[in-house]
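pasting the sequence and the predicted model now:
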Amino acid sequence: MYVYGLGQSLTLLEGAPAPGTAAVYVLSSEELDRHPQLPGLEEVLHHTPSARDARVCKAEVRRDCMSGTVVVPRRGREGERTAFGYLLTGDRAVLCDDTGTAHAILKRLGKEKRWRENGPGRFFCEFLEQLLARDLHHLEELEDRLEQLEDQVLAGKLEGFNAALSPLRKQILGWLRYYTQLDGVACELEGNEIGLFSSEEQRMFHMLEKRVARLRDEAQLLREYCVQVRELFQAELDIRQNRIMKILTVVTTVFLPLSLVAGWYGMNFTGMPELSWAYGYPAVIAASVVIVLLTLWIMKKKKFW
């Protein structure tokens, strides 16, 4: 467990915070299950969701606190989920994290951020902004991968397209769902239904909500782009199939008269004069060549190929 004091800067404390001062607690799910005795949180700590059970981003307003979960669709280096449970009161903030991500963010905030106003609301807003810091860059990387797939389709390289597009589509959908849920969390925090936050903190949550909405719009555009690339692939596939059908149609049309000739002279009636004619066989060969050349000339003139 880590304890940070909210003063002019975010400071890691060795022990419990002084009475009347704002503080941030970072616990793991196992530590939270032990129901630790934390000053100022005796009556509300049990409302803190564990990171282990987090599945969506949500915010729940209670009588004297707010709690919820944040689940980021980004995996850690070892493939673990990035998820947090949180609890906010008038002078306390609790984060439940099993991956060490929250502690790393708090250390970065302690180095980079200066606090003009003490309060868990301002801290949590800054914390969420740190989670969003590189999201636009990540969305741009997804867009670059979609552009590469589009270029491959335009170049006629259709093999392996679905295998490459499917994980991209799932990632984009996950980010879109994440921003939609996080936008709802920001709206709940901005609403300040039980009066936990100051007007300055409400303004910060409003700016956060606008930023999340912009990221959600970017994710929506990527999802639409994904659909367009899929439609382009299907169009190129249809064009390739049409070319194949066109070739088959030309071949069938060319050899259809020859099939008629073969069937006609395959009847072998005794009254057919060509059967006993010395030049019958060469004449049929010549007639077949003329038919093929005439058919090809007509198709070329009609621009069938």
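That came in fine, so what should we check first?

please name the nearest non-neighbouring residue to Q171.
Excluding the flanking residues, the one nearest Q171 by C-beta to C-beta, 6 or more residues apart in numbering is L142, at 6.4 Å. Where C-beta positions appear, they are placed from N, C-alpha and C, glycine not excepted.

which helix or strand contains that neighbour?
Assessed by DSSP states H and E, L142 sits inside helix 135-154.

which other helices and strands contact the next helix or strand after that helix?
Per DSSP H and E, the first helix or strand lying C-terminal to helix 135-154 is helix 161-191. If you count contacts as 3 or more C-beta pairs under 8 Å, 6 or more residues apart in numbering; DSSP states H and E, helix 161-191 packs onto strand 58-61, strand 66-75, helix 120-132, helix 135-154, helix 199-265.

pull out the buried positions in the helix or strand where L109 lies.
In this assignment (DSSP H and E), L109 forms part of helix 101-112. Neighbour-count burial for helix 101-112 flags 101-102, 105-106, 109 (criterion: 16 or more other C-beta atoms under 10 Å).

just name whatever secondary elements that helix is in contact with.
strand 2-6, strand 10-13, strand 23-27, strand 81-88, helix 120-132.

pLDDT on it, on average?
Here helix 101-112 scores 85 as its mean pLDDT.

any idea of the angle that helix forms with strand 2-6?
Put simply, helix 101-112 runs at 30 degrees to strand 2-6, going by axes from the mean of the first three to the mean of the last three C-alpha atoms, to 10 degrees.

tell me the angle of helix 101-112 relative to strand 81-88?
70 degrees.

now do V261, the pLDDT please.
At V261, pLDDT is 83.

could you find the closest non-adjacent residue to it?
In space, not counting the residues next to it along the chain, V261 is nearest to S288; the distance is 6.2 Å by C-beta to C-beta, 6+ apart.

secondary structure element for that neighbour?
helix 280-301.

export that helix to PDB, keeping only CA atoms.
The C-alpha coordinates for helix 280-301 follow below in PDB (Å, rounded to 0.1, in the frame of the first residue of the first chain):
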ATOM      1  CA  GLY A 280     -14.300 -32.900 -95.600                       C
ATOM      2  CA  TYR A 281     -11.900 -33.000 -92.600                       C
ATOM      3  CA  PRO A 282      -9.700 -30.100 -93.800                       C
ATOM      4  CA  ALA A 283     -12.900 -28.100 -94.600                       C
ATOM      5  CA  VAL A 284     -14.200 -28.500 -91.100                       C
ATOM      6  CA  ILE A 285     -10.800 -27.500 -89.600                       C
ATOM      7  CA  ALA A 286     -10.800 -24.400 -91.800                       C
ATOM      8  CA  ALA A 287     -14.400 -23.600 -90.900                       C
ATOM      9  CA  SER A 288     -13.600 -23.900 -87.200                       C
ATOM     10  CA  VAL A 289     -10.600 -21.600 -87.500                       C
ATOM     11  CA  VAL A 290     -12.700 -19.000 -89.300                       C
ATOM     12  CA  ILE A 291     -15.500 -19.300 -86.700                       C
ATOM     13  CA  VAL A 292     -13.000 -18.700 -83.800                       C
ATOM     14  CA  LEU A 293     -11.300 -15.800 -85.600                       C
ATOM     15  CA  LEU A 294     -14.700 -14.200 -86.400                       C
ATOM     16  CA  THR A 295     -16.000 -14.600 -82.900                       C
ATOM     17  CA  LEU A 296     -12.800 -13.000 -81.400                       C
ATOM     18  CA  TRP A 297     -13.100 -10.100 -83.900                       C
ATOM     19  CA  ILE A 298     -16.700  -9.500 -83.000                       C
ATOM     20  CA  MET A 299     -15.900  -9.500 -79.200                       C
ATOM     21  CA  LYS A 300     -12.900  -7.200 -79.800                       C
ATOM     22  CA  LYS A 301     -15.100  -4.800 -81.700                       C
END
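
any idea how far it is from the chain center?
The chain centroid and the centroid of helix 280-301 are separated by 59 Å, computed with C-alpha atoms, centre = their mean, to the nearest Å.

same check on stretch 118-129?
With C-alpha atoms, centre = their mean, you get 27 Å for stretch 118-129.

buried set for it?
118-129.

again, but for stretch 175-187
175-179, 181-187.

now, among those, which is nearest to K301?
Comparing the buried residues of stretch 175-187 against K301 with C-beta to C-beta places L176 closest, at 53.6 Å.

ok, the closest one - contacts?
216, 219-220, 222-223 (C-beta atoms under 8 Å, 6 or more residues apart in numbering).

mark which of those are buried, thanks.
Counted by 16+ other C-beta under 10 Å, the contacts of L176 give 216, 219, 222 as buried.

how deep is the residue lying closest to Y4 once chain neighbours are set aside tucked in, by neighbour count?
Once flanking residues are discounted, Y4 sits nearest to V24: 4.2 Å by C-beta to C-beta, 6+ apart. Residues lying near V24 (other C-beta atoms under 10 Å) number 24.
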